[in-house]
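Student: Predicted structure and sequence below. I'll ask about it afterward.
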Amino acid sequence: MDSNYWDEKYSTEEFIYTKIENRFVVELCGPIQVTGGKRAIELAGGEGRNSVWLAKQGWHIENVDFSQRALDKYLAFAKEEGVADLCSANCADATLFEPLVSPVELAVIGYLQIPEAQLETATRRLASFVVPGGHLMGVWHSRDNLAGGFGGPRDPDVLPNVETITKALDGTGLTIEVLENREGQIHTKEGLKPSTTLVLLAKRGA
């Protein structure tokens, strides 16, 4: 799937993944306190539900996504919510992106479901922009979601698990604080559906 696929998917006025922030982003990023700048990157942030929420918490957030259509919707959403001055957009590939602002105190990667080797590249690249004392937070459809969970891809190669994310972070200088499966919920037109969600919180030593 390339950027044209995602541009077409996001072409509707409806927000495909809703405007509701992910609850694990709220849980793990909400308590983070920083003493310096409050700069953040969300990788593959799509229509910006999490980026806009982070901006409402005072973060200067850069949403990196390779769908310009998604980013246009995100910027419009940020304007609606009164946080446009805290939100920037960067149309780029997750494995190759150059951030507009770096380094950052917080990096978020949400539901970037790509082949394992590419995800490792993207995760390690994102991690490289995190300052000492900063955090990297991630959330994905887990590989264990294949056993009866709702939503997400059905190809195990694009579904990470504890082992693959541990490997991706090896040598980055980040210490894993949380890396586990959780009982997740997917927002759909029919309401919430259960899923197995992999969540990550890692921190770089001060």
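Tutor: That came through, no problem. Numbers count the residues shown, from 1 in each chain.

Student: in this protein, which ranges drop under the pLDDT threshold?
Tutor: Along the chain, the model assigns pLDDT under 70 to residues 1, 187-188.

Student: residue boundaries of the helices in it?
Tutor: For the chain, helices defined by DSSP state H occupy the ranges 3-9, 23-29, 49-56, 68-80, 116-127, 162-169.

Student: Return the most buried member of those.
Tutor: Among the helices of the chain, ranked by average contacts under mean count of other Cβ atoms under 10 Å, first place goes to helix 49-56 (a mean of 25). Heads up, the C-betas are built off the backbone N, CA and C, glycines and all.

Student: who's in contact with stretch 180-193?
Tutor: Around stretch 180-193, the neighbours that count as contacts under Cβ atoms under 8 Å, 6 or more residues apart in numbering are 17-18, 20, 23-24, 142, 144, 149-152, 162, 194-199.

Student: Which of those fall within strands?
Tutor: The strands, defined by DSSP state E, take in 194-199 from the contacts of stretch 180-193.

Student: rewinding a little: is there a quick PyMOL command that grabs whichever of the contacts of stretch 180-193 are buried?
Tutor: To isolate the buried members of these in PyMOL, using 16 or more other Cβ atoms under 10 Å:
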select buried, resi 17+24+142+144+149+151+152+162+195+196+197+198+199
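
Student: ok, back up a step: how about the ones in strands among the contacts of stretch 180-193 in JSON lines, adding distance to residue 37?
Tutor: Shown next, in JSON lines, are the ones in strands among the contacts of stretch 180-193 (distance: Cβ to Cβ, whole Å):
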{"residue": "194", "distance to residue 37": "38"}
{"residue": "195", "distance to residue 37": "34"}
{"residue": "196", "distance to residue 37": "35"}
{"residue": "197", "distance to residue 37": "30"}
{"residue": "198", "distance to residue 37": "29"}
{"residue": "199", "distance to residue 37": "25"}
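
Student: For residue 118, state which of those is nearest.
Tutor: Distance to residue 118 across the ones in strands among the contacts of stretch 180-193 (Cβ to Cβ) is lowest for residue 198, with 16.6 Å.

Student: which non-adjacent residue is nearest the closest one?
Tutor: Residue nearest to residue 198 in three dimensions, not counting chain neighbours: residue 142, with 3.9 Å by Cβ to Cβ, 6 or more residues apart in numbering.

Student: quick one, what contacts that neighbour?
Tutor: Going by Cβ under 8 Å, 6+ apart, residue 142 touches 149, 159-161, 181, 196-198.

Student: gap between the nearest residue to residue 26 once chain neighbours are set aside and residue 147?
Tutor: Computed as Cβ to Cβ, 6+ apart, the closest residue to residue 26 that is not its neighbour in sequence is residue 53, at 7.1 Å. Distance, residue 53 to residue 147, by Cβ to Cβ, to the nearest Å: 30 Å.
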